[in-house]
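Asks: Sequence below, structure please.
(chains A, B, C and D)
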2 protein chains.
Amino acid sequence: MDIKYAILGFLGWQPLTGYDLKKMMAKSTPYYWSGNNNQIYTALVQLHKAGMVTNEVERRGHYLSRKIYTITDKGMAALREWLTSPPELPLLRNSFLVQLAWADQLEPHEQDCLLERYENEVASHLLILREEQRRGSLINPARTPREKYLWERISENHVQFYENELGWIHRTREEIKEK
Amino acid sequence: MDIKYAILGFLGWQPLTGYDLKKMMAKSTPYYWSGNNNQIYTALVQLHKAGMVTNEVERRGHYLSRKIYTITDKGMAALREWLTSPPELPLLRNSFLVQLAWADQLEPHEQDCLLERYENEVASHLLILREEQRRGSLINPARTPREKYLWERISENHVQFYENELGWIHRTREEIKEK
DNA sequence: AAGGACATGTAACACGTTACATGATTTT
DNA sequence: AAAATCATGTAACGTGTTACATGTCCTT
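Replies: Sure, this is the predicted structure:
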């Protein structure tokens, strides 16, 4: 469960609430978990049980309260250990490729429509990513120059992935047209 | 549930058993489902209930038997409809990037070890992919020149993805060394 | 005789998403 | 007054993996 380590990572930075974590993950590139209450809150409970985090309840007003989580030494040690564990290959699932595998059954214009739609999807997502980078709406801790560099490279990894995909689909369409 | 359409795709080609499907998926690039009984057999039951496939039980010996599934017109229509439905963006999950996000906490040599391991993982996977391509151990239907071309492009998409990743990690390591 | 391929299925678990449920506080 | 944000949680569902369970047939 990656998300636990992502949480530990953020808490290693500063104490945070579940709600804070949710927002931070939504704003940072490597976190593919979509704004997801269930996962975050249950992971926090599990981390608490395992002694990796402690929480302090802060009352505000009559009913409202929030839990501020802090990482423990045990949590820091677990994070460090995970950081040095063997990295895994990325998991890639592209259902478009499954469509393409059987696209020979389509009429030529339907087939090109499919390819064009995919190209547009990728291109517009790339624009969004670049815009986010440009506006600096993504989190970049930058506590040290090295950390800043690493986060920039992670962001770059995403952009490059979509650029690569765009190049591939473009060439595919060109080659089909030539026939 | 993509896998249902993948099954319909293969059955559109020829009648097959669940076991056949399992092998074919394992041998073709765009099918990311790992040799998985549960999914295939339950999907076949669901497709059968939905009238997308029929099956014929072939007895062989006293106890042994196998179910040969055939796609129906309804199944073919469902497949065609899915093929023309709007493609989705690929789903990419790279837990290595989550490790990297917090890698500033590591000693320089531990950090480079992490990067090197990832580079090696990607490089060796790329070798496997290229070897599979070269040996032709991957399925390539090639019933028409266009279909052959499409499957080659799908295979190329995979290779390009890992090549891109390899380029990215290589450059990242070089830039870190320069400091 | 042993091992591998053939063949079908179930059980338990892990991960992730959407939607539901509640209600206070702050901003417009 | 309405809308957005803050804040925590639960329920139901979908998808995918590993391991379990069973037994035959074919090759070495």
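
Asks: Could you list every helix and strand in contact with the helix or strand containing residue A:118?
Replies: Assigned by DSSP states H and E, residue A:118 falls within helix A:108-135. For helix A:108-135, the packing partners by 3 or more CB pairs under 8 Å, 6 or more residues apart in numbering or on different chains; DSSP states H and E come out as helix A:95-101, helix A:145-177. Placement of C-beta: from N, CA and C, glycine included.

Asks: Could you dump those into a markdown table with mean pLDDT and distance to chain B added?
Replies: Formatted as a markdown table, these follow (pLDDT from 0 to 100; distance: least, CB to the nearest CB, whole Å):
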| stretch | mean pLDDT | distance to chain B |
| --- | --- | --- |
| helix A:95-101 | 97 | 4 |
| helix A:145-177 | 97 | 4 |
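
Asks: sorry, back to before: what residues of the helix holding residue A:118 count as buried?
Replies: Neighbour counts using 16 or more other CB atoms under 10 Å in any protein chain shown place A:111, A:114-115, A:118-119, A:121-122, A:125-126, A:129, A:132-133 of helix A:108-135 among the buried residues.

Asks: Check those and tell me the two furthest apart.
Replies: Spatially, the most separated pair among these is A:111 and A:133, at 33.5 Å (CB to CB).

Asks: what about chain A, any weak spots by pLDDT?
Replies: Residue ranges of chain A with pLDDT under 70: A:61-63.

Asks: Spell out which residues belonging to it are near DNA strand C, please.
Replies: For chain A, the residues in contact with DNA strand C (CB under 7 Å from any atom of the strand) are A:1-3, A:32-34, A:36-39, A:60-64.

Asks: Just the buried ones from the residues you listed, in ChimeraX syntax?
Replies: In ChimeraX syntax, the buried subset of those is picked out as below (16+ other CB under 10 Å):
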select /A:2,3,32,39
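
Asks: Kindly identify which of the residues of chain A next to DNA strand C also come near DNA strand D.
Replies: Answer for the residues of chain A next to DNA strand C near DNA strand D (CB under 7 Å from any atom of the strand): A:37-38, A:60, A:64.

Asks: For the host helix or strand of residue A:38, name the packing helices and strands.
Replies: Secondary structure from DSSP H and E places residue A:38 in helix A:37-49. Applying 3+ CB pairs under 8 Å, 6+ apart, one finds that helix A:37-49 contacts helix A:2-13, helix A:18-26, strand A:53-59, strand A:65-71.

Asks: so what does the longest one touch, helix or strand wise?
Replies: Judged by 3+ CB pairs under 8 Å, 6+ apart, the packing partners of helix A:2-13 are helix A:18-26, helix A:37-49, strand A:53-59, strand A:65-71, helix A:73-83, helix B:95-101.

Asks: How is chain A partitioned into domains?
Replies: In the domain annotation for chain A, the residue ranges read A:2-83, A:95-177 (automatic domain parsing).

Asks: May I have the distance across the shortest one, first residue to last?
Replies: Chord length of domain A:2-83, first to last residue, is 11 Å (CA to CA, to the nearest Å).

Asks: chain center to that domain: distance?
Replies: Domain A:2-83 has its C-alpha centroid displaced from the chain centroid by 16 Å (CA atoms, centre = their mean, to the nearest Å).

Asks: residue contacts, residue A:83?
Replies: The contact partners of residue A:83, by CB atoms under 8 Å, 6 or more residues apart in numbering or on different chains, come to B:99, B:102-103, B:105-106, B:110, B:114.

Asks: which of those residues are buried?
Replies: Of the contacts of residue A:83, these count as buried by 16+ other CB under 10 Å: B:99, B:102-103, B:106, B:114.

Asks: Now the residues you listed in CSV, please, with extra columns for distance to residue B:17.
Replies: Listed next are the buried ones among the contacts of residue A:83 as CSV, based on distance: CB to CB, whole Å:
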residue, distance to residue B:17
B:99, 42
B:102, 47
B:103, 47
B:106, 50
B:114, 44
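
Asks: farthest-separated two in those?
Replies: B:102 and B:114 (10.6 Å).

Asks: Surely residue A:3 is in contact with residue A:33?
Replies: Yes: the criterion here is CB atoms under 8 Å, and residue A:3 meets it with residue A:33 at 5.9 Å.

Asks: any common contacting residues for those two?
Replies: Common neighbours of residue A:3 and residue A:33 (CB under 8 Å, 6+ apart) are A:39-40.

Asks: Which strand or helix spans residue A:85?
Replies: Going by DSSP H and E, residue A:85 is not in any helix or strand.

Asks: count of residues packed around the closest residue to residue A:94 other than its chain neighbours?
Replies: Spatial nearest neighbour of residue A:94, excluding adjacent residues (CB to CB, 6 or more residues apart in numbering or on different chains): residue B:90 at 3.9 Å. Residues contacting residue B:90 under the criterion other CB atoms under 10 Å in any protein chain shown number 20.

Asks: No more questions from me, cheers.
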